[in-house]
Each structure stands twice: as structure tokens, then as C-alpha cells.
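*Asks:* quick one, what's the 3D model for this:
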Amino acid sequence: MINWGNYPSAIFATEGARQSFLKCLDDAATKSGWIVHAWCLMSNHYHLAIETPRANLVDGMRWLQATFATKFNRLRKENGHLFQGRYKSFVVQPEEALGPLCHYIHLNPVRANVIQVKELRTWRDTSLRELLQPRERRAWYSPQASLDHAGGLRDTPVGRRKYLEYLDWLDEEEPERKRLKFSEMSRGWAIGTKDFKKALNEDHGELQEAVRRGDKDLEEWREEQHADTLAALLKCLKKTATDIAADPKGTAWKVAIATEMRRRTTVSNPWLSRHLNMGSPFRVSRLVNACNEAGGETARLRKRCAMCKV
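*Replies:* Okay, here's the model as predicted:
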């Protein structure tokens, strides 16, 4: 994924803006179950390499960009669109192209003449720092694709040092960058071999035909995902549909489930208000926000929900 800011000035010019975006990415990846293989923040755009096990890229990206834009505009007292429309996304061939894409993203500030390769180790605006510093890694970040493609390196001090040496070599080796198709990493619609793109075309056609026939409805599929998560959390707290109907709208167990669903998924407040009988969507939003700071019984139930496997 890549997207550019819509303002004349850089949107990631300040440390506060960069940290705010990463906090939003943290929340979006946690809610959506994403695996983030690489990321980079430049002055006026970002790069992300994301794996979506739940097939929820659109929902997650909509939440990420809208949430960050709201925070950014509120802080800057601005109005209007923060980004230049919808992000640009590419389908990436896992075996052939994911590793090279991660290298491309990590070297982005070097190619843009923002820093030199030797400064990458301490550069905070790419995932490379987390690759090199395991203690700083977020739960959703995985360095495996980068290390594997750079020669089957292990996630050890020696392997991580060799990866940095590999990037230094790659920056100097233009023929290798051409072989890895660096020039195509931000163009087109898919990154991979010709056979991979051909297969995608065929699969995409089949998917579109299934949607047209009505055999496959993506909105219905998302609804089923939310319902499955809710059912698992209800079972975890030993609650039933009868309890949903009979118990107060703001009872602690409902708030705990709603808060956990907002953490795990991109479910909306109106959906929660309907399925948990919690009153207005505004009420749900207020209760969930309060739950994040609450203690006592609500915190205990929230912890039980967080331990529930879906």
C-alpha cells in the first residue's frame, strides 16, 4: 500500500504526527488481525506491506486513514481530505516478491536521499528498526519475509546484522535492484511473476462472476465474521440471546464484549448496538471509551474476553 498527503506541507513532518500514525496502525492491525511485513513513513507519504488473513483490507484501511485524518485535522485545525484519495494497493506474490518489497520499503529513505545506508540502523521511521531491535517490535510486525529473502537469515543478532549488510550491498548493486524489479514496486496492480499475474486475473474474474451471480457476497461474509466473534465472546462469558434481551443496555458484560470486539475487529457501533441491545450507537461509543479506562468488574470481564480464542 502507498498513499500521499493532500496538503502542500509534509503530513509526517513532526514526531507527533508520525507517532500518531503508528498508533493508528497499531490499532488497525490489532483490530484487523493483520501481519505487517514492512512499513516506512516519508515526509508526505507512507508505504505498507500488509498480509490480511481475514480478507479485510478495505475495512481496516478505511479505519486507519479516517482515524488518523481526524486526529491530524483536529490537531492542525484543518478541514478537508488529508490523503490524495484512496490508497494505492498491490497484490504481492508471497514467495517471489514479498521479500524484495520489504527491502524496497526499508531502502526508501536512502533512495530518496533523506539518509545514508549507515543511518538506517537508528532511523525510526521504518520497520527496519523493529527488525533490528526485537524488544521494540509490535505484536503484528513480522521480519521473516525480509530475513528469508536476504539469504535465509535467522532472527538472531548475527542474522539481523547480516540483513543490514545485505541492504548496504543492495543499495550499491543496481543490477540486483533491477533483477528484483524495484522500479515496478509502486506501479501497476500486482507485484510478482507473469504467471502469478495471469492466475490473479483468472481468479479475479471468477470472484467477480460469483459476486454477480450472488454466490458470494463480501458484505455478508463480513457480517458472518462479526457474528462468529460475538458468539465466541458470549460463550466465553456464559451469556445467551436471552441475557442480551433481558440485561440492562449498559451492563458490564455487554460493555466488555463491545470493547473487545472493537479491539479485534472493524465492527461498527450501530452493529454492536443492534446485536447486544445497547441502545444508541453514541451510547456504545461512550461506554467503550469509558471501558478502556475502567477497573473493577468491567475490567475483569474485559480481561476474560481478551483471553478468549475465536
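
*Asks:* hey, let's count contacts and neighbours off CA atoms from now on
*Replies:* Will do.

*Asks:* low pLDDT regions in the protein?
*Replies:* Applying pLDDT under 70 to the chain flags the ranges 1, 6-9, 75-82, 84-85, 201-221.

*Asks:* which residue of it lies farthest from its centroid?
*Replies:* Ala246 (36.9 Å; C-alpha atoms, centre = their mean).

*Asks:* ok, now which ones touch that one?
*Replies:* With contacts defined as C-alpha atoms under 8 Å, 6 or more residues apart in numbering, Ala246 has no neighbours.

*Asks:* and it, how far from Leu276?
*Replies:* As for Ala246, its distance to Leu276 is 11 Å (criterion: C-alpha to C-alpha, to the nearest Å).

*Asks:* shared neighbours of those two, anything?
*Replies:* Common neighbours of Ala246 and Leu276 (C-alpha under 8 Å, 6+ apart) do not exist.

*Asks:* other residues contacting stretch 132-140?
*Replies:* 26, 29-30, 33-36, 121, 130-131, 157, 160-161.

*Asks:* give me the buried entries from the residues you listed.
*Replies:* Asp26, Ala29, Thr30, Gly33, Trp34, Ile35, Val36, Arg121, Glu130, Leu131, Arg160 (16 or more other C-alpha atoms under 10 Å).

*Asks:* max pairwise distance over those: which two?
*Replies:* With C-alpha to C-alpha as the measure, no two of the buried ones among the contacts of stretch 132-140 lie farther apart than Gly33 and Arg121, at 27.8 Å.

*Asks:* picking that back up, show me which of the contacts of stretch 132-140 is closest to Ala258.
*Replies:* Using C-alpha to C-alpha, the contacts of stretch 132-140 come closest to Ala258 at Thr30, 15.3 Å.

*Asks:* quick one: contacts for that closest one?
*Replies:* Trp140, Arg263, Arg264, Thr265.

*Asks:* make JSON lines from the residues you listed and add distance to Pro100 and neighbour count to it.
*Replies:* Output for the contacts of Thr30, formatted as JSON lines (distance: C-alpha to C-alpha, whole Å; neighbours: other C-alpha atoms under 10 Å):
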{"residue": "Trp140", "distance to Pro100": "20", "neighbour count": "15"}
{"residue": "Arg263", "distance to Pro100": "32", "neighbour count": "19"}
{"residue": "Arg264", "distance to Pro100": "30", "neighbour count": "19"}
{"residue": "Thr265", "distance to Pro100": "30", "neighbour count": "22"}
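
*Asks:* just those: which are in strands?
*Replies:* Using DSSP state E, no member of those falls in strands.

*Asks:* among those residues, which ones are in helices?
*Replies:* Judged by DSSP state H, the contacts of Thr30 include Arg263, Arg264 as members of helices.

*Asks:* how close does Thr298 sit to Leu287?
*Replies:* Thr298 is 11 Å from Leu287, by C-alpha to C-alpha.

*Asks:* what touches both of those two?
*Replies:* With C-alpha under 8 Å, 6+ apart, Thr298 and Leu287 have common neighbours Val255.

*Asks:* quick check: Ser285 touching Asn269?
*Replies:* Yes: contact between Ser285 and Asn269 holds when scored by C-alpha atoms under 8 Å: they sit 6.5 Å apart.

*Asks:* all the strands of the stretch 51-200 of the chain, residue numbers only.
*Replies:* Applying DSSP state E, counting those that start in this stretch to the stretch 51-200 of the chain gives strands spanning 91-92, 190-191.

*Asks:* and the ones you listed as JSON lines, adding distance to Lys239?
*Replies:* Output for those, formatted as JSON lines (distance: least, C-alpha to C-alpha, whole Å):
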{"stretch": "strand 91-92", "distance to Lys239": "41"}
{"stretch": "strand 190-191", "distance to Lys239": "45"}
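
*Asks:* adding distance to Glu224 and mean neighbour count, write these out as CSV.
*Replies:* As requested, the strands of the stretch 51-200 of the chain are exported to CSV (distance: least, C-alpha to C-alpha, whole Å; neighbours: other C-alpha atoms under 10 Å):
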stretch, distance to Glu224, mean neighbour count
strand 91-92, 25, 20
strand 190-191, 29, 21
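
*Asks:* nearest to Leu22, out of those strands?
*Replies:* Using C-alpha to C-alpha, the nearest of the strands of the stretch 51-200 of the chain to Leu22 is strand 91-92, at 22.6 Å.

*Asks:* mind listing the strands that closest one pairs with, and their directions?
*Replies:* strand 190-191 (parallel) (DSSP bridges).

*Asks:* what's the offset of the partner strand from the middle of its chain?
*Replies:* Here strand 190-191 shows a centroid-to-chain-centroid distance of 19 Å under the convention C-alpha atoms, centre = their mean, to the nearest Å.

*Asks:* out of the contacts of stretch 132-140, who's nearest Asn3?
*Replies:* Among the contacts of stretch 132-140, and counting by C-alpha to C-alpha, the member closest to Asn3 is Val36, at 16.2 Å.
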